[in-house]
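Participant: curious how this folds, go ahead:
(2 chains)
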Amino acid sequence: MLAVLSVEARKLNRSLAALLAVAAPSLIAVFGFFMLLRGDKPQPWEMWMGSAAGVWAFFMLPMSVTALTALVAHMEHGPKSWDHLRALPLPRWKIYAAKAICVLGVVAAMSVAVLAFTWLAIQAASAIKPEVAPSGPLELMRWVKVMAMMFGAALLLIAVQLWTALRYASFVPGLVVGIGGTFFAVVATSAKQGVFLPWQMPVNMLASEPWRVTTALELGGGVGLLALIALVLHLSRREVL
Amino acid sequence: MAAAIETHALTRRFKRHLAVDAVSMTVPDKAVYGFLGRNGAGKTTTLKMLLGLIAPTSGQAMVAGVDVAKDRLGAARRVGALLEAHGFYGNLSGRENLDLTRTLIGLPRTEIDRVLEVVEMTANADRRVSDYSLGMRQRLGLARAMLGAPPVLILDEPTNGLDPDGIADMRRFLRALPERTGATVLLSSHLLGEIEQTATHVGILSEGRLVLEGELDRLKAELAPEITFQTDDLPRAAALAKARGFDLLLTEDGAVARLKPGEDARTASAALTRALVEADLAVFSIGPRARSLEGIYREVSTPAAQPQPEYA
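Facilitator: Here you go, the predicted model:
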């Protein structure tokens, strides 16, 4: 399995995945940087980190997963390398499992980067305009935990996006699902039913009602994990004509 | 001679379209087996079943004695393939592409240099694949198929899209493959000339059915030669030839008289010439010729109707 993972990592390393992994968290940090500069009184760290986590979970995470899964799948769809890969003397499930693990790894790295880049951006903006430097303590571990929960709740949306992207040679179905899912997540933010929508599950980690947090995390994480396993089994068994 | 590839009543149906119909083929060890058929005849479907990429509807495919359906990994370890879609990553170099496959199948790094040398690509190995010509990609594909020195190589239309120089290079290379690698080669093509100049054995697929198979030289030898002739009055000449027991075929520029198996071509040719001259016909040309693969192919395959798609 390590060999298959290393091959996937090498392919990803030479693609635009690294750019995507840096760009999405950077945009959130840049937004925070300018928001702090245009403020006129100090805000607590809580507000800056909460805002970054919110933007990430609400919009940037679903869109990044859509782009990343399309990119990972198109690495094989583009040059039509499925036949070559699937004819090799190695269990096919390993190929799909390695792709899923790589996507999860990149999303986890992006989640960490959101916190790290936001902290750096706020520090930089504070250095330029010390009078609006954040007040109060920075509860870093709390935000690490929130980001980890968002990652867990995002498993189902990652599974749906990766499944669609790998299943269809065209990138259009994946984009339609991703854009559609994010659209409904945005327009139906306050709807109770939103907690059952995979694209809205991560942002529910910031909900004030505990049932929403629990439901979204259990559904997103639990069903997501099962969906990832089902994805690997289904794709490794189906014929690619 | 042991068989490197064997199929028994191999069949594949796509909904209502029968793509491969009870194909029983035998590729002898160390042969270059030309798998011939027009586009849509079922060649690629058969090759995909041999590689375990698609499952047969019924029948059995064996590679180096291993049943593909029962032990795909075991069969895959004994076969290297060059498929129509190369599946190279254009942003990586030829060497890096080979290294990805080498890592996946757990071979030592020295394998890359070995296969690059066999296909004479060492000098270009560090260039990006996106900068390669089609001929170079084909050779890189062959190099990748040879990683791990599998005893069987399956090559799907290896000269497709190549220019005349590239085709000549590839033919020379394919002829030398069994000697250079010790592998059995199953080579699919819809080009008669390519197979005739490259293969030792041939299998002809027509509308999903294997209509002829055997050693090419033996097939050609077993079939009686023909006498082609041109005269000033073809209908009279034809009637005369038929009266003397020849099986006759009229073509645009003359007639072709087929001999009976075992009949001596020179004697028959002399007798026919004498008869035509005695009948006061002006004979412009006459002479025996050996049967070509094209002639064999035309005889055994269904006349080209509507080309069937490979997958319906």
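Participant: enumerate the residues of chain A near chain B.
Facilitator: For chain A, the residues in contact with chain B (C-beta under 8 Å from any C-beta of the partner chain) are A:3-4, A:6-7, A:10-11, A:14-15, A:75-76, A:79-91, A:239-241. In short, each C-beta sits where N, CA and C put it, glycine included.
Participant: which of those are buried, as a PyMOL select command?
Facilitator: In PyMOL syntax, the buried subset of the residues of chain A next to chain B is picked out as below (16 or more other C-beta atoms under 10 Å in any protein chain shown):
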select buried, chain A and resi 3+4+7+10+11+15+75+76+79+80+81+82+83+84+85+86+87+88+89+90+240
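Participant: the residues of chain A next to chain B in helices, which ones?
Facilitator: A:3-4, A:6-7, A:10-11, A:75-76, A:82-87 (DSSP state H).
Participant: out of those residues, who's nearest A:Glu209?
Facilitator: A:Met75 (40.7 Å; C-beta to C-beta).
Participant: quick check: that closest one touching A:Ser15?
Facilitator: Yes: here A:Met75 reaches A:Ser15: they are 6.1 Å apart, a contact under C-beta atoms under 8 Å.
Participant: identify the residues contacting residue 157.
Facilitator: You didn't say which chain, so I picked chain A. Residues near A:Leu157 by C-beta atoms under 8 Å, 6 or more residues apart in numbering or on different chains: A:62, A:65, A:181, A:198-199, A:201-202, A:220, A:224.
Participant: oops, chain B please
Facilitator: Counting by C-beta under 8 Å, 6+ apart, B:Glu157 has contacts B:84, B:188-190.
Participant: got a pLDDT number for it?
Facilitator: With respect to pLDDT, B:Glu157 scores 84.
Participant: CA atoms of the helix or strand of chain A with the lowest mean pLDDT as PDB?
Facilitator: Lowest on mean pLDDT, DSSP states H and E among the helices and strands of chain A sits helix A:2-13, with a mean of 86. The C-alpha trace of helix A:2-13 is given here as PDB (Å, rounded to 0.1, in the frame of the first residue of the first chain):
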ATOM      1  CA  LEU A   2       2.900   2.300   0.800                       C
ATOM      2  CA  ALA A   3       4.200   2.000  -2.800                       C
ATOM      3  CA  VAL A   4       0.800   2.900  -4.300                       C
ATOM      4  CA  LEU A   5       0.500   5.900  -1.800                       C
ATOM      5  CA  SER A   6       4.000   7.100  -2.800                       C
ATOM      6  CA  VAL A   7       3.100   6.900  -6.500                       C
ATOM      7  CA  GLU A   8      -0.100   8.900  -5.900                       C
ATOM      8  CA  ALA A   9       1.800  11.500  -3.800                       C
ATOM      9  CA  ARG A  10       4.400  11.900  -6.600                       C
ATOM     10  CA  LYS A  11       1.700  12.400  -9.200                       C
ATOM     11  CA  LEU A  12       0.000  14.900  -6.900                       C
ATOM     12  CA  ASN A  13       3.200  16.700  -6.100                       C
END
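Participant: so B:Gly262: helix, strand or coil?
Facilitator: Recorded secondary structure, B:Gly262: coil (DSSP: H, G, I helix; E, B strand; the rest coil).
Participant: for B:Arg38, which non-adjacent residue is spatially closest?
Facilitator: B:His190 (5.4 Å; C-beta to C-beta, 6 or more residues apart in numbering or on different chains).
Participant: and that neighbour, how far from A:Val65?
Facilitator: 44 Å (C-beta to C-beta, to the nearest Å).
Participant: who has more neighbours, the two?
Facilitator: More crowded of B:His190 and A:Val65, by other C-beta atoms under 10 Å in any protein chain shown: A:Val65, with 29 against 17.
Participant: just checking, that one touches A:Ile158?
Facilitator: Yes: the pair A:Val65 / A:Ile158 is scored as a contact, 5.4 Å apart, by C-beta under 8 Å.
Participant: please enumerate the shared neighbours of these two.
Facilitator: With C-beta under 8 Å, 6+ apart as the test, A:Val65 and A:Ile158 both reach A:103, A:107.
Participant: for the closest residue to chain B within chain A, give me its contacts.
Facilitator: Across chain A, the shortest distance to chain B (C-beta to the nearest C-beta) belongs to A:Ser81, at 2.9 Å. Contacts here follow C-beta under 8 Å, 6+ apart; on that basis A:Ser81 touches A:75, B:85-89.
Participant: same thing with A:Thr118?
Facilitator: Here A:Thr118 is in contact with A:25, A:28-29, A:32, A:48-49, A:52 (C-beta under 8 Å, 6+ apart).
Participant: and the residues you listed, which two are furthest apart?
Facilitator: Farthest pair in these, by C-beta to C-beta: A:Pro25 and A:Trp48, 14.2 Å.
Participant: which SSE is the residue of the stretch 151-300 of chain B found nearest chain A in?
Facilitator: Of all residues in the stretch 151-300 of chain B, B:Ile154 sits closest to chain A, at 8.9 Å by C-beta to the nearest C-beta. Secondary-structure assignment from DSSP states H and E places B:Ile154 in strand B:152-156.
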